[in-house]
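Peer 1: here you go, sequence then predicted model.
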Amino acid sequence: MPVEVILPKVDMDMATGRISRWFVDEGAVVKKGDLLFEIETDKAAMEIDAPATGTIRDITGKEGIDIPVGEAVAWIYAEGEATKPAKDVAAEPAQAIAPVAAAPATAVPEIVMAKAAPGMPSTNMPSNGTRATPLARRLAAEAGLTLDAISGSGPKGRVMRKDVEAAIPAQVEAPALAKPAPVVSRSPASSQPRPAPQRAGETAPLNFAWLRQGEGRPIVLIHGFGADLNSWRPMLAAGPVGALLLALDLPGHGGSPRRAPADLDAIAADVEATLAALDVGPVLLVGHSFGGAVATTVAARGHADVRALALIAPAGLGPEINGAFLQGFVRARSESSLMPWLKQLVADEQVLSKPFVNATLAQAADSELRTAQAEIADRFFADGTQTFDIRGLIAALRIPVRMIVGANDRIIPASQSLGLPGEVALHVFAATGHMPQVERREQVLKILLEMARA
């Protein structure tokens, strides 16, 4: 019998939920613990793992509609198991609430608000000051609504999902109050850009994903060697994130081209071209490990509009690196050979979740991917040495820079972060290894969100 994938109850008051995105497609082969989809509630976004190993079929849980808790949204079939139409596996799902119709793709209605009466609060205050749930903010941005114009029914006037949904029909049904305006990449609720389609004629050379679609200055995340953009997801589970979060795959990693670039400038050029194609505007750039060296190079080149830089256990501050880890990690093909190297990444092995291990194993099975990464390791970490130096680049920057390291890093010594200019803020976490964004995810996420707001 196929295994049901049900919509779980992730909130005490939750009766229905919405799938904001699927991470797998119909017919994909998944392993138990792999990420399947993300649920968004008024309080947080939660990622749901596969309950079994097999092929996912009959995906009935559509994105963006209300689904009752406990309802099957897909089925996982074991190898060789005969498939049946979803209606034969279980009863037809209950009629879901239809999503509210969005504005036409060619125009966003613009509400013309009357001047506030004396004694009434103005609706022209920045919407960043309006209390709203992350989900409500995303829905309002997608519908082209300004949060300040919506009355909140939550605690202390907090705008909830239902408040935004109630405001959308009122906007559509009152054409006299609205006039069409061209679609732009800037959110009505903020002067900062929203996720936008690529510019006509431009392509993004690197694979990317919007991990969160909130408000404010975009936070661009660049992972480290041997990882991919999904490595940031554990950090995002630390709490609600109302910011715009864009994650990139480096060349030779994830879904990006399987090649070994000539130098850091070549990788930086790919990052710059991707950001230009997406038209994201001013960003907070975040890099982990090797990604930290890439992020620093991008900031120093000045082609991208980088307003602040956050470096997590960055490479390029000294020659020493754990060469045995690099070689062992790239060669490992099984869980038994991979786990000893993964354990060197952290001080607390308990943070190595099953989805994280499974995702790394899936990459290890991709021989083309690992071949490209072996070439990258030989080029940038020849003979177990960091062959590049970003200290001078950091010293020349005129933007805020924060560095986050683990005192017990066994890949890159934490001592390499010493001796930088005094204006570079240094955060050293005790009992933490090479991945502070996983082991100290609440604190690291707080730092990044503070930087994005500053």
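Peer 2: On my side now, so go ahead.
Peer 1: now do the helices in the stretch 351-454 of the chain.
Peer 2: 354-364, 367-380, 391-396, 436-439, 441-453 (DSSP state H, counting those that start in this stretch).
Peer 1: deepest-packed of the ones you listed, please.
Peer 2: Most buried of these, by mean neighbour count (mean count of other CB atoms under 10 Å): helix 436-439, with a mean of 25. (Each C-beta comes from the backbone N, C-alpha and C, glycine too.)
Peer 1: re earlier: can you put the helices of the stretch 351-454 of the chain in CSV and add mean pLDDT and distance to Lys343?
Peer 2: Putting those into CSV (pLDDT from 0 to 100; distance: least, CB to CB, whole Å) gives the following:
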stretch, mean pLDDT, distance to Lys343
helix 354-364, 84, 10
helix 367-380, 96, 19
helix 391-396, 97, 30
helix 436-439, 96, 12
helix 441-453, 95, 18
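Peer 1: so which of those gets nearest Gly242?
Peer 2: Across these, Gly242 has its closest neighbour in helix 441-453 (8.4 Å, CB to CB).
Peer 1: for Val424, grab phi and psi.
Peer 2: phi -80, psi 120 (degrees, to the nearest 10).
Peer 1: might one say that it is in contact with Ile394?
Peer 2: Yes - using CB atoms under 8 Å, Val424 makes contact with Ile394 at a distance of 6.5 Å.
Peer 1: what do the two both touch?
Peer 2: Val401 (CB atoms under 8 Å, 6 or more residues apart in numbering).
Peer 1: what segments of the stretch 1-150 of the chain are strands?
Peer 2: With strands called from DSSP state E, counting those that start in this stretch, the stretch 1-150 of the chain shows them at 3-6, 16-22, 29-30, 35-40, 45-49, 54-57, 66-68, 72-77, 108-111.
Peer 1: in CSV: the ones you listed, plus mean pLDDT, mean neighbour count and distance to Arg398.
Peer 2: CSV is the format used below for the strands of the stretch 1-150 of the chain (pLDDT from 0 to 100; neighbours: other CB atoms under 10 Å; distance: least, CB to CB, whole Å):
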stretch, mean pLDDT, mean neighbour count, distance to Arg398
strand 3-6, 89, 19, 50
strand 16-22, 86, 19, 37
strand 29-30, 90, 18, 47
strand 35-40, 84, 22, 38
strand 45-49, 77, 18, 35
strand 54-57, 92, 20, 49
strand 66-68, 86, 17, 49
strand 72-77, 91, 22, 50
strand 108-111, 31, 18, 36
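Peer 1: need these in CSV (columns: distance to Ala452).
Peer 2: Shown next, in CSV, are those (distance: least, CB to CB, whole Å):
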stretch, distance to Ala452
strand 3-6, 34
strand 16-22, 21
strand 29-30, 33
strand 35-40, 20
strand 45-49, 17
strand 54-57, 35
strand 66-68, 31
strand 72-77, 33
strand 108-111, 24
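Peer 1: between the ones you listed, which one is closest to Pro251.
Peer 2: Taking these one by one with CB to CB, strand 35-40 is closest: 23.2 Å.
Peer 1: parallel or antiparallel, list what pairs with the closest one.
Peer 2: Applying DSSP bridges, strand 35-40 is found paired with strand 16-22 (antiparallel), strand 45-49 (antiparallel).
Peer 1: of all those strands, which lies closest to Thr55?
Peer 2: The nearest among those, by CB to CB, is strand 16-22 at 14.6 Å.
Peer 1: what does the closest one contact?
Peer 2: For strand 16-22, using CB under 8 Å, 6+ apart, the contacting residues are 7, 10, 36-41, 45, 59, 61-69, 73, 97.
Peer 1: not counting residues beside it along the chain, what's closest to the residue sitting nearest the centre point of the chain?
Peer 2: Nearest to the geometric centre of the chain sits Leu211, at 2.8 Å (CA atoms, centre = their mean). Residue nearest to Leu211 in three dimensions, not counting chain neighbours: Leu245, with 4.4 Å by CB to CB, 6 or more residues apart in numbering.
Peer 1: part of a strand, is the one you found?
Peer 2: Yes - using DSSP: H, G, I helix; E, B strand; the rest coil, the assignment for Leu245 is a strand.
Peer 1: who does it form a beta bridge with?
Peer 2: Applying DSSP bridges, one finds that Leu245 bridges with Arg212, Ile219.
Peer 1: of the strands of the stretch 1-150 of the chain, which is nearest Val306?
Peer 2: Of all the strands of the stretch 1-150 of the chain, strand 45-49 comes closest under CB to CB, at 26.2 Å.
Peer 1: orientation of the closest one relative to helix 354-364 in degrees?
Peer 2: Per axes from the mean of the first three to the mean of the last three CA atoms, to 10 degrees, the angle that strand 45-49 makes with helix 354-364 is 60 degrees.
Peer 1: what does strand 45-49 contact?
Peer 2: Against strand 45-49 from outside (CB under 8 Å, 6+ apart): 5, 8, 10, 20, 32-39, 134, 212, 233, 236-237, 240-241, 354-355.
Peer 1: do the same with stretch 437-447
Peer 2: 232, 234-239, 241, 288, 310, 312, 346-348, 351, 356, 402, 404, 406, 427, 429, 432-433, 436.
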